[in-house]
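Undergrad: Predicted structure and sequence below. I'll ask about it afterward.
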Amino acid sequence: MKTRIISGVVGILLFAGILILSTPIALDKYYPWILTAAVALLAAIGIWEILNNTKIVKNKIISGLSALFGAGSVVLFSGNYGEKALLAYFIYLAVLLTLSLFIHDKTSPAELAAAQAYTLFISFSFASILRLLGGYGMFAFILIFIFAWASDTFAYFSGVFLGKHKLCPALSPKKTVEGAIGGIVGCMIAVAVACIINDISLGDKTFWALTLSTPIFSIMGMVGDISASYIKRHAGIKDYGNLMPGHGGVLDRFDSVLLIAPVFYSLLRFFPTIML
């Protein structure tokens, strides 16, 4: 527990430091590339974890190449370089297919497909975090983590005190239906409080749009969490990595965010006058 607390505090301080250096929060001169580099690095580590550490892809060269492409994709996606990102993907695909000619006896087509699917998913999800910050500001950025972590926190305590009916016992034995409901309700309260703190009043349509749409993001976070558990169980591992002692790897900490960020970004893109 001590190790978990210490590594959690260090992670929070590092996260805060990167935000301060990368955004106009407290400094007159800031460096946005620091946050972009940090998120790209997280994406690369996450891709390596899900491909190599789970043995979904047995060839380390493919995992490393995918991680490298994923980091580059985050930079391109977040910088609104869609065409260049598409070109980078075809280069990545061409290299993968060329490499497969030499290792066809050790790598299956399913592994190549999995490498592409997970790489695109993780890189786009992390890029969505940066797009939210760059396009909609700090409040939208913070909301991603409120959706994920408030749901998780309230679901945990609701499950401990009220939980009776298992939600998905085969994949996540500790999660309960009561916990899930508590997570959704608690997250709605947390979002409402965050709106008020951010000077969004109860009479503002944005307040109700964000609060009433919170169950969507809360559920997406739960799906991301349980899906990550599903992959780990099939791989026979407890954590994706050990980047943060006591907390696991990147995907252990960001599994909920991976679905929330792109869904939230998409809703803001389609309904900008309502959501924020």
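TA: Looks like it came in fine. Numbering: from 1, shown residues only.
Undergrad: C-alpha from now on. contacts and neighbour counts both.
TA: OK.
Undergrad: Which parts of the longest helix that the chain contains count as buried, going by neighbours?
TA: Criterion DSSP state H: the longest helix present in the chain is helix 205-235. Within helix 205-235, the residues that qualify as buried by neighbour count (16 or more other Cα atoms under 10 Å) are 206-208, 210-211, 214-215, 217-229, 231-233.
Undergrad: Packing partners of the top strand by length along the chain?
TA: Ordering each strand of the chain by length in residues (DSSP state E) puts strand 172-176 first. Packed against strand 172-176 by the contact rule (3 or more Cα pairs under 8 Å, 6 or more residues apart in numbering; DSSP states H and E) you find helix 138-162, strand 166-168.
Undergrad: quick one: average pLDDT of the first one?
TA: I take that to be helix 138-162. The pLDDT scores in helix 138-162 average 92.
Undergrad: helices or strands up against it?
TA: Counting contacts by 3+ Cα pairs under 8 Å, 6+ apart, helix 138-162 packs against helix 109-136, strand 172-176, helix 177-197, helix 205-235, helix 257-270.
Undergrad: where does the stretch 1-150 of the chain dip in pLDDT?
TA: By pLDDT under 70, the weakly predicted segments of the stretch 1-150 of the chain are 1-2, 4, 25-28.
Undergrad: got it, and the stretch 151-276 of the chain?
TA: Applying pLDDT under 70 to the stretch 151-276 of the chain flags the ranges 246, 273-276.
Undergrad: Go again with 80.
TA: For the stretch 151-276 of the chain, applying pLDDT under 80 flags the ranges 244-247, 272-276.
Undergrad: Please verify my assumption that T206 contacts I200.
TA: Yes. Look at T206 against I200 with Cα atoms under 8 Å: they come within range, at 7.2 Å.
Undergrad: Pull up the overlap in contacts between those two.
TA: Residues within reach of T206 and of I200 at once, by Cα atoms under 8 Å, 6 or more residues apart in numbering: there are none.
Undergrad: re earlier: ok, which of the helices and strands packed on helix 138-162 comes nearest T54?
TA: T54 lies closest, by Cα to Cα, to one member of the helices and strands packed on helix 138-162: helix 205-235, at 5.2 Å.
Undergrad: Following the chain onward from that closest one, which element is next?
TA: Downstream of helix 205-235, the next assigned helix or strand under DSSP states H and E is helix 250-254.
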